[in-house]
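J.: A structural model of the following input is requested.
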Amino acid sequence: VEEPGAQTLQGTMDEFKASIESGKGGLFLAVYRGKVSEGLDFKDDNARAVFCVGIPFPSLGDVKVKLKREYNSHPDSRTSGMLSGGEWYQHQAF
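T.: Now for the predicted structure:
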């Protein structure tokens, strides 16, 4: 189980690889847009299948998300045919 924080990722990866090498096998679960969403190499026996279960929405607490939603909900943006802030947010999950 991965702990919060980027500093714990290497330990989690080491445990996963050790489980694979021992012959027990392993299951690695992660979320989209999380720490392991890009840049990791699961080669050879480290990944035999990938299952995509769901895509979480971006964090509402993210300043960029908040500003984009506000910008899109502004009346000037709405008259130019842009999606509302809520509609834009819903589309981010796809």
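
J.: Please list the outside residues in contact with the strand or helix carrying residue 64.
T.: Assessed by DSSP states H and E, residue 64 sits inside helix 63-73. For helix 63-73, the external contacting residues (CB atoms under 8 Å, 6 or more residues apart in numbering) are 58-60, 77-78, 82-89, 92. Glycine gets a C-beta too; all of them are placed from N, C-alpha and C.

J.: what's the farthest-apart pair in those?
T.: 59 and 78 (24.2 Å; CB to CB).

J.: Now do the helices in this protein.
T.: 9-21, 63-73, 75-79, 85-91 (DSSP state H).

J.: how about these, which one is nearest residue 45?
T.: Evaluated over these, closeness to residue 45 peaks at helix 9-21, with 5.5 Å, by CB to CB.

J.: returning to that earlier point: Serialize the helices of the chain to a markdown table and add fields for mean neighbour count.
T.: Shown next, in a markdown table, are those (neighbours: other CB atoms under 10 Å):
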| stretch | mean neighbour count |
| --- | --- |
| helix 9-21 | 14 |
| helix 63-73 | 14 |
| helix 75-79 | 10 |
| helix 85-91 | 14 |
